[in-house]
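Trainee: Fold the following and give me the result.
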Amino acid sequence: MYLYKNNSECCGCGVCALSCPQKCIDMIYDDEGFLYPHINEYCTDCGTCKSVCALKSTQSEHGTYPLVYAVKHKDEMVRISSTSGGAFTALSDWILENNGLVFGVKYNEEFLVVTSCAESKGERDKFKVSKYVQSDLGNSFNKVRDFLKQDKLVMFSGTPCQVAALRIYCKGIDTKNLYLCDLICTGTPPQLLFQDFIRFLESNKKKKLTSFNMRYKSNRGGWRGYNSLAIYADGFQDNKSLINSVYTTLFGTHLALRPSCYECKYKRLERPSDITIADFWGIEKCMPDFDDNRGVSLVLINSDKGKYWFENIENKLHIRESNKTDCMQKNLKGGRAIPNGRTRFWLEYKTKGFTYIAKKYGGHSLTGKCTKVLKIFVKSVLMKLGLFDFAKKVLKK
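Mentor: Below is the predicted model of the structure:
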C-alpha cells in the first residue's frame, strides 16, 4: 500500500521511511521511474510518516528576507566551468576551507545522478553544472546527521523539497553547523529517462560515454546557449551535434516532471534554505553592463545564517544588489499546469521507446533539427537587434 493516494502528494525525499519507528516503509519505483513510499503490513498507524513530510509541513515566513544579489565569481575559470556565475563554488569553498563537508549532486560511474559528499575541492567540482534529474539521495541525510553530531561543518545543496526534508529530518539535533543551499527548480525528471538518453547517445555514436555536461558554455552559445558537451572513451568531443540537445529539449517540454513538481509549494520567494542560487535570468534588462553572456548567479539570502555565510565569501565575488522585482522568474511564481500531453508522452515512451520520443518530443528528426537551427538563428538575430522581448510579447498575444 502506498502512503499517499495521489502521486502529486510526494516529492520522493524518503524522510518518511527514514523516520518510521517500525521501519515499515520502503521506497519503491513506480512505472515512470519515480520513488514513492510503500507501507508494509507491520505499520502501526502511528502517523510519524505524515508528520515529517516536506510537502505537508508548514512553511515559516522569513520577515525582511530574502536579500537579492547578482554575483559573478572573480575567477573567470570558475565562472566558465559553472552553470551560471560560480556562486556555488564560492559558497562551498568557504565550507571546505573551514574543514567542512559539502553535499551536492554528481554523476557516478554509471551516469546515475546521485547526492554525494565531498571533502576536497576536486571532489566538489563534480557537483558543478546543472543536472536536470531527480538525484538519488542514498544515505545522505543520515550522513549529514552523523557529521553534525560530530560537530562538523556541513553544507547541503539540492532541490528545495530535498532541503526542506533535510531540515525536518534534523530537528532535535544541533544544526548550528548546517548550511543549506537550494536551487530555483523547474522540476525533476526521473533517472529512468536520463539513463535511456545516455544509452541513446552511446548507441548513436557507437562509443562509450565518459562525460556529459548539460550546460556547456561554448563560444557559440555562451551562457544562454544551453549547449551540451558529450565526451566519449576515445576522446571524441561532441558539442555541435543537435543530438546532444535532445534531453534538454525534452526537459523543456515539462512532460516528464515528477507529479509533485507541478504543484510545488517551494516555487516562491520564501525558501526553506539559508541561501538560494540560480541563473539570474533577465540580467540583460536590469543590469546590462553586468552581463557578458558568461554567466551571472542570482543569490537569495534567506536567513541570518545565510547572510553570515555570504559575508564570508564577498571577497571572491563581483556583487550587485538587486530586488524582488528584477529577480522574479517563472519558477518563483508558483506551480505550473500539467501539460495536456503528459499522459500520452508516458504511454508512448513505455510502448515505443526512447528513440521514438526523442524524435517526436526531443527534436531528433530532420524537421526537428531544421526547426531547432532556425529558432537559434532567429533568436540570435532578434537579440542582436534588441527585439527579442518585443517578439516574445507579440507571440504571447
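
Trainee: what about the residue nearest to Pro190 when sequence neighbours are not counted, helix or strand, and which?
Mentor: Taking Cβ to Cβ, 6 or more residues apart in numbering, and ignoring the residues beside it in sequence, Pro190 has Gly33 as its nearest neighbour in space, at 3.3 Å. To be clear about C-beta, it is placed using only N, CA and C from the backbone, and glycine gets the same treatment. Under the criterion of DSSP states H and E, Gly33 resides outside all helices and strands.

Trainee: I figured Gly33 hits Phe194, correct?
Mentor: No: counting by Cβ atoms under 8 Å, Gly33 does not reach Phe194; the two are 9.2 Å apart.

Trainee: Neighbour count for these two, which is higher?
Mentor: Phe194 (25 against 19; other Cβ atoms under 10 Å).

Trainee: does the residue nearest to that one when sequence neighbours are not counted count as helix, strand or coil?
Mentor: Nearest-residue entry for Phe194: Val133, 4.6 Å, with adjacent residues in sequence omitted and distances by Cβ to Cβ, 6+ apart. Per DSSP: H, G, I helix; E, B strand; the rest coil, the local secondary structure of Val133 is coil.

Trainee: repeat for Cys185
Mentor: With three-state DSSP as the criterion, Cys185 reads coil.

Trainee: what sits against it?
Mentor: When the contact criterion is Cβ atoms under 8 Å, 6 or more residues apart in numbering, the partners of Cys185 are 159-160, 261, 264, 266-267, 331.

Trainee: re the thing from before, per-residue confidence for the residue nearest to Pro190?
Mentor: Per-residue confidence for Gly33 comes out at a pLDDT of 95.

Trainee: Now do the phi/psi pair for it.
Mentor: phi 90, psi 20 (degrees, to the nearest 10).

Trainee: how about the helices in the stretch 201-350 of the chain?
Mentor: Counting by DSSP state H, counting those that start in this stretch, one finds helices in the stretch 201-350 of the chain at the ranges 246-253, 283-286, 304-311, 342-352.

Trainee: Pull the number of nearby residues for the residue nearest to Phe194.
Mentor: 24.

Trainee: still on that earlier bit, out of the helices of the stretch 201-350 of the chain, which comes closest to Val102?
Mentor: Across these, Val102 has its closest neighbour in helix 304-311 (12.7 Å, Cβ to Cβ).

Trainee: List the buried residues for the closest one?
Mentor: With burial defined by 16 or more other Cβ atoms under 10 Å, the residues of helix 304-311 counted as buried are 305-306, 309-310.

Trainee: Please enumerate residues in contact with that helix?
Mentor: For helix 304-311, the surrounding residues in contact (Cβ under 8 Å, 6+ apart) are 65, 67, 69, 91, 94, 179, 273-275, 299, 301.

Trainee: Quick one: the helices in the stretch 51-200 of the chain, in order.
Mentor: Residue ranges of the helices in the stretch 51-200 of the chain, as given by DSSP H, counting those that start in this stretch, are 76-80, 87-97, 121-124, 140-149, 160-169, 191-205.

Trainee: Show me what the fourth one is packed up against.
Mentor: Here helix 140-149 is seen to pack against helix 15-19, strand 101-107, strand 113-118, strand 154-158, helix 160-169 when contacts are counted using 3 or more Cβ pairs under 8 Å, 6 or more residues apart in numbering; DSSP states H and E.

Trainee: quick one: it to chain centroid distance?
Mentor: Taking Cα atoms, centre = their mean, to the nearest Å, one finds the center of helix 140-149 at 22 Å from the center of the full chain.

Trainee: now that helix against strand 113-118, angle please.
Mentor: On the basis of axes from the mean of the first three to the mean of the last three Cα atoms, to 10 degrees, helix 140-149 is oriented at 20 degrees to strand 113-118.

Trainee: Need the residues that contact helix 140-149.
Mentor: With Cβ under 8 Å, 6+ apart as the contact definition, helix 140-149 has outside contacts at 14-15, 18, 101, 103, 115-117, 154, 156, 165-166, 169-170, 173-175, 177-178.

Trainee: between the helices of the stretch 51-200 of the chain, which gets nearest to Ser218?
Mentor: Distances from Ser218 to each of the helices of the stretch 51-200 of the chain were compared by Cβ to Cβ, and the smallest falls on helix 76-80, at 10.3 Å.

Trainee: Quick one: mean pLDDT for that closest one?
Mentor: Rounded to a whole number, the mean pLDDT of helix 76-80 is 94.
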